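[1] Dropping the sequence and predicted coords here.
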Amino acid sequence: MARNAVEWTREHTLAAFHLYTLLPFGRLSKGTKEIVQLARWQGRTPSSLAMKLVNFASLDPQIRASGRTGLSGASLQDKALWSNLSQDWDKFAAEGADAYASLAQANGVKADSHLLEPMELAIEEGRTRSAIVQVRVNQARFRRSVLASYNATCCISGLQNERLVVASHIVPWSLDKKNRLNPQNGLCLSAIHDRAFDQGLITVMPDFTVRVSASLLKSETTNQLLRSLIETDRKEILRPERFAPHTTFLVWHAQNFGFM
């Protein structure tokens with residue numbers, strides 16, 4: 001079979017989607033090193049793989065809402081895989097990561113550790129190694145997918161620095177096992193905004209505007225950092241390029257912290 005005519009098996013499609021979630025939209029091109037590498041593992045051209053990733057974009061509601069349409073060649077298999085996301089994102093994401101890891105290992109690369117930041121893989125003493133490694137890997141994948149969607153920019157403050165922002169879960173990791181890896185359950189926030197969000201001092205409403213808690217609004221603080229938080233009230237967040245925060249998760253946070 002010709003190199004540019006390799007069949008798109010389910011495993012290859014899942015591995016491609018895994019990579020799609022980890023790369024910023026602007027890097028979905030044939031020259032991107034991760035695309036070149038996965039294409040080589042699959043025995044196809046980088047152009048073929050890049051086209052598949054842009055076809056995924058044509059199914060992404062956030063991409064379509066921004067006026068970008070991607071390509072129109074998404075297959076029935078692509079559409080079926082995408083529709084499964086809403087049922088159990090974590091199950092689908094795990095399948096994609098496994099498919100990617102299988103291809104990596106077949107080509108002499110250990111899983112997808114080369115895609116993740118080493119600091120995310122530190123092992124804590126006194127914990128079961130396999131369990132903590134899997135948790136850390138999943139956390140790193142979630143972080144990368146969220147930061148890729150927001151271009152490592154805090155959606156409230158506009159701070160853009162990968163070392164100073166975090167991928168914050170809207171519904172906490174411990175409360176929704178089906179959406180731990182779902183970037184639509186995430187916001188890219190600076191450390192201070194992440195802490196305020198986690199403590200319910202701020203929330204993001206379904207209309208993508210920030211609300212500040214009544215207790216914080218009533219404070220007469222002169223602290224500059226606290227004042228900057230207060231001044232975010234009613235401010236619209238920066239929308240991600242892909243995987244916009246889902247209304248269901250935003251409603252959960254707003255309701256559980258008394259904003260609705």
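    Good, I have the coordinates.

[2] which element is L147 on?
    L147 is part of helix 129-150, with elements assigned from DSSP states H and E.

[3] any idea which helix or strand comes after that helix?
    Secondary structure here is assigned by DSSP H and E; on that basis, the next helix or strand after helix 129-150 toward the C-terminus is strand 165-169.

[4] how about the closest residue to A94 other than its chain neighbours, what does it touch?
    Nearest in space to A94, with sequence neighbours left out and distances taken as C-beta to C-beta, 6 or more residues apart in numbering, is L181 at 7.6 Å. For every residue, glycine as well, the C-beta is placed using N, CA and C. Residues touching L181, when contacts are defined by C-beta atoms under 8 Å, 6 or more residues apart in numbering, comprise 89-90, 93-94, 138, 141-142, 145.

[5] Of these, which one scores lowest on pLDDT?
    Model confidence across the contacts of L181 bottoms out at N138, which has 78.

[6] Tell me how many other residues crowd that one.
    18 (other C-beta atoms under 10 Å).

[7] Next one: it from K33, what distance?
    N138 is 23 Å from K33, where distance means C-beta to C-beta, to the nearest Å.

[8] Also A15?
    Computed with C-beta to C-beta, the distance linking A15 and K33 is 16 Å.

[9] which of those two has more neighbours?
    In this comparison of A15 against K33, neighbours counted by other C-beta under 10 Å, the higher total goes to A15 at 26 against 9.

[10] what helices or strands is the helix or strand where the more buried one lies leaning on?
    Secondary structure here is read from DSSP H and E; on that basis A15 sits in helix 10-22. For helix 10-22, the elements it packs on are helix 33-42, helix 46-57, helix 76-84, helix 89-106, helix 129-150, judged by 3 or more C-beta pairs under 8 Å, 6 or more residues apart in numbering; DSSP states H and E.

[11] Out of these, flag the one nearest Q255.
    Ranking these by distance to Q255, with C-beta to C-beta as the measure, places helix 89-106 first at 21.1 Å.

[12] Export only the CA atoms of that closest one, formatted as CSV.
    Coordinates of each C-alpha in helix 89-106 appear next as CSV, following Å, rounded to 0.1, in the frame of the first residue of the first chain:
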residue,chain,number,x,y,z
TRP,A,89,-14.9,11.8,27.7
ASP,A,90,-12.4,10.1,30.0
LYS,A,91,-13.1,6.7,28.5
PHE,A,92,-12.6,8.0,25.0
ALA,A,93,-9.5,10.0,26.0
ALA,A,94,-8.0,6.9,27.6
GLU,A,95,-8.6,4.9,24.4
GLY,A,96,-6.9,7.7,22.4
ALA,A,97,-3.9,7.8,24.8
ASP,A,98,-3.6,4.0,24.7
ALA,A,99,-3.7,4.0,20.9
TYR,A,100,-1.0,6.7,20.8
ALA,A,101,1.1,4.9,23.4
SER,A,102,0.8,1.6,21.5
LEU,A,103,2.2,3.3,18.3
ALA,A,104,4.9,5.0,20.3
GLN,A,105,6.0,1.8,22.0
ALA,A,106,6.0,-0.1,18.7
